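Q: I would like to see how this sequence folds:
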Amino acid sequence: MLKTSLKTLGAPVYPLLFASASWGQTTAAIAKTSPREPLPPSTQAQDLVVPSSAGHPRGSTSAEPADAALVLNQADVDADPNNFFFGFGLTLPPPTALHGSARPVTVPALSNQAVGISGGIRFGVRNLGGNGQTVSLGLEGGEKTLGFDLDFRQFLADGSGYAVNVANRRGVEPEFDRGSTEVNLPNGRNPFVHRLGGGVEYFRPLAPDINIAVGLSYQRVSVRDSFFTSEIQPVDALGNRLTVSDSGQDDLLTLNLVGVWDRRDDPQFPTRGDRLLVGLDQALPVGNSAIAFSRLSANYTHLMPLNLFGFTAGPRTLVLNVQGGASLGEVPPYEAFSLGGANSVRGYRTGALGSGRSFVQATAEYRFPAFSFTVFDEAIDVGGTLFVDYASDLGSAGGVIGRPAEVRNKPGSGFGYGVGLRALSPFGPIRLEFGLNDAGGAQVSFNVGDRF
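A: Down below sits the predicted model:
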């Protein structure tokens with residue numbers, strides 16, 4: 001566990017708050033926070049899988065860190081005016097009802113994540129002019145993704161507030177990648193999903209352990225064949241639609257409601273307690289595409305002490321997690337639930353298991369202490385994990401426009417199991433996991449941040 005070592009700076013205590021970057025490269029963002037109001041780490045995950053030509057590779061390796069939440073919260077009201085901050089990682093703390101690459105989602109299975117090696121930074125100013133306002137800019141780049149997220153937040157004295165954002169990202173997403181059959185664009189290139197938009201939200205606490213946010217988000221979504229081309233690609237090489245409209249460019253307007261109930265004993269290294277995330281999205285028909293669908297998703301985690309075995313002193317914890325989601329109406333492929341990967345079914349690559357309009361996912365994971373070591377006078381506890389994951393699209397792959405999972409021969413359901421190491425570092429949990437899947441494949445993954 002991280003011990004504060006900056007008391008010599010003055011009367012206030014300034015904890016180090018870390019946000020993850022690709023391949024575990026991290027840095028500290030120094031911020032003045034209230035110890036009474038810890039924030040849970042984000043569920044948002046970045047897909048950093050080493051490319052492979054096989055749909056279910058044997059012995060392949062991936063790194064998919066789940067970004068730790070940057071601290072942009074009620075503590076900003078009390079921070080020093082015009083306090084500059086900088087850190088690796090893009091993700092803002094939940095709950096937020098805005099869309100964009102830096103937004104935590106209720107379930108990691110949503111398709112709005114990029115694949116390939118990538119990383120990002122976020123910097124900005126807290127308590128702008130002493131008015132409880134924060135403005136920040138997140139920049140994301142990598143092998144198959146490029147984008148930015150500009151965010152403005154106004155925090156009020158009662159813990160509520162409002163925010164607006166503008167986001168622009170282009171990248172390859174898992175619904176159009178992976179699978180045992182490769183399907184690209186007619187010119188043979190990978191489909192790049194371009195999302196340009198923004199939104200506004202209102203957030204507030206309902207109780208000490210319950211927070212909600214409601215917002216309205218707009219995205220102009222299209223598919224291109226590279227980072228910078230202006231040419232739109234409406235269909236893939238087999239003639240399947242990539243968007244709702246025949247023009248290849250959709251207008252997506254959604255009303256979003258998000259809630260978080262968190263009763264865990266520690267937001268960064270929990271050993272007992274419960275957390276429930278619930279999200280409701282309603283697409284409102286606008287423009288030529290007139291997209292209209294409803295989506296409900298939920299994510300519940302229960303942690304309990306269970307003394308089965310361990311190799312040194314420390315907590316022994318059983319983690320049970322169940323997630324699910326369902327959509328009604330015409331679901332664009334870029335809004336489907338994509339399954340498989342380090343934050344879904346380990347042993348599969350991200351998105352290689354399936355993409356559907358509905359899904360269910362369950363995990364059982366046992367965490368036990370293994371050994372510890374010291375780095376720069378900081379004790380690092382290392383534990384082991386045993387896990388089993390299962391997920392299914394409930395036969396809903398054919399209900400997604402363009403049937404991206406079916407044409408790529410993704411199985412639609414499967415399970416994985418394996419072992420891992422989990423280091424409790426100042427950066428957050430660092431996970432190295434080896435998983436086997438029911439199709440005979442294997443996957444090694446490296447992650448910064450918890451999966452739950």
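Q: burial measure for residue 311, as a count.
A: By other C-beta atoms under 10 Å, the residues close to residue 311 number 12. From N, CA and C alone the C-beta is placed, and that goes for glycine too.
Q: tell me the pLDDT at it?
A: Note on residue 311: pLDDT of 92.
Q: element containing it, please.
A: Secondary structure from DSSP states H and E places residue 311 outside every helix and strand.
Q: pLDDT wise, what is the closest residue to residue 391 other than its chain neighbours at?
A: Nearest non-adjacent residue to residue 391, counting by C-beta to C-beta, 6 or more residues apart in numbering: residue 361, 4.0 Å away. pLDDT, residue 361: 97.
Q: buried residues in whichever strand or helix holds residue 361?
A: Element membership of residue 361, judged by DSSP H and E, is strand 358-375. Buried residues in strand 358-375, counted by 16 or more other C-beta atoms under 10 Å: 358-363, 365-370.
Q: just checking, what packs against it?
A: Strand 358-375 is packed against strand 317-329, strand 337-339, strand 378-392, with contacts defined by 3 or more C-beta pairs under 8 Å, 6 or more residues apart in numbering; DSSP states H and E.
Q: now that strand against strand 317-329, angle please.
A: Counting by axes from the mean of the first three to the mean of the last three C-alpha atoms, to 10 degrees, strand 358-375 points 150 degrees away from the direction of strand 317-329.
Q: tell me the angle strand 358-375 makes with strand 378-392.
A: Using the same axes, to 10 degrees, strand 358-375 lies at 160 degrees relative to strand 378-392.
Q: for strand 358-375, list the C-alpha coordinates in PDB.
A: Taking C-alpha atoms only, strand 358-375 is exported to PDB below (Å, rounded to 0.1, in the frame of the first residue of the first chain):
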ATOM      1  CA  SER A 358     -26.800  -8.900 -25.500                       C
ATOM      2  CA  PHE A 359     -24.300 -10.700 -23.300                       C
ATOM      3  CA  VAL A 360     -23.700 -12.300 -19.900                       C
ATOM      4  CA  GLN A 361     -20.300 -12.700 -18.200                       C
ATOM      5  CA  ALA A 362     -19.200 -14.300 -14.900                       C
ATOM      6  CA  THR A 363     -15.800 -14.600 -13.100                       C
ATOM      7  CA  ALA A 364     -14.600 -16.300 -10.000                       C
ATOM      8  CA  GLU A 365     -11.100 -15.300  -8.900                       C
ATOM      9  CA  TYR A 366      -9.100 -16.300  -5.800                       C
ATOM     10  CA  ARG A 367      -6.400 -13.900  -4.600                       C
ATOM     11  CA  PHE A 368      -3.700 -15.000  -2.200                       C
ATOM     12  CA  PRO A 369      -0.500 -13.500  -0.800                       C
ATOM     13  CA  ALA A 370       2.800 -14.900  -2.300                       C
ATOM     14  CA  PHE A 371       5.800 -12.800  -1.400                       C
ATOM     15  CA  SER A 372       7.000  -9.200  -1.000                       C
ATOM     16  CA  PHE A 373      10.000  -7.100  -1.900                       C
ATOM     17  CA  THR A 374      11.200  -3.500  -1.500                       C
ATOM     18  CA  VAL A 375      11.900  -0.900  -4.200                       C
END
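Q: for it, which strands pair with it and how are they oriented?
A: strand 317-329 (antiparallel), strand 378-392 (antiparallel) (DSSP bridges).
Q: now those as a markdown table including mean pLDDT?
A: Shown next, in a markdown table, are those (pLDDT from 0 to 100):
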| stretch | mean pLDDT |
| --- | --- |
| strand 317-329 | 97 |
| strand 378-392 | 95 |
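Q: do you know which of those strands lies nearest residue 272?
A: When the strands paired with strand 358-375 are compared by C-beta to C-beta, strand 317-329 sits nearest residue 272, at 7.1 Å.
Q: hmm, back to that, mind putting the strands paired with strand 358-375 into JSON lines with mean neighbour count and distance to residue 310?
A: As requested, these are exported to JSON lines (neighbours: other C-beta atoms under 10 Å; distance: least, C-beta to C-beta, whole Å):
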{"stretch": "strand 317-329", "mean neighbour count": "19", "distance to residue 310": "10"}
{"stretch": "strand 378-392", "mean neighbour count": "19", "distance to residue 310": "8"}
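Q: hang on, residue 405 in a helix?
A: Yes: applying DSSP: H, G, I helix; E, B strand; the rest coil, one finds residue 405 inside a helix.
Q: can you count the residues close to it?
A: Residue 405, neighbours per other C-beta under 10 Å, totals 29.
Q: from what I see, it and residue 399 are in contact.
A: No: with contacts counted by C-beta atoms under 8 Å, residue 405 stays clear of residue 399, the gap being 10.4 Å.
Q: common neighbours of those two, please.
A: Common neighbours of residue 405 and residue 399, using C-beta atoms under 8 Å, 6 or more residues apart in numbering, are residue 356.
Q: can you list the strands paired with strand 358-375 in CSV and add distance to residue 353?
A: Shown next, in CSV, are the strands paired with strand 358-375 (distance: least, C-beta to C-beta, whole Å):
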stretch, distance to residue 353
strand 317-329, 14
strand 378-392, 6
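Q: and of these, who's closest to residue 224?
A: strand 317-329 (25.0 Å).
Q: show me how far that closest one is from its chain's centre.
A: Centre-to-centre, strand 317-329 and its host chain are 14 Å apart (C-alpha atoms, centre = their mean, to the nearest Å).
Q: give me the contacts around that strand.
A: Contacts for strand 317-329 (C-beta under 8 Å, 6+ apart): 106-107, 109, 271-272, 283, 292-306, 335-337, 357-368, 452.
Q: now the end-to-end length of stretch 136-155.
A: Stretch 136-155 stretches 14 Å from its first residue to its last (C-alpha to C-alpha, to the nearest Å).
Q: what are the buried residues along that stretch?
A: For stretch 136-155, using 16+ other C-beta under 10 Å, the buried residues are 136, 138-155.
Q: now, those residues that are in strands?
A: 136, 138-142, 145-155 (DSSP state E).
Q: and residue 356, how many neighbours?
A: 32.
Q: for it, which non-adjacent residue is spatially closest?
A: Closest to residue 356 by C-beta to C-beta, 6+ apart is residue 393, at 3.0 Å.
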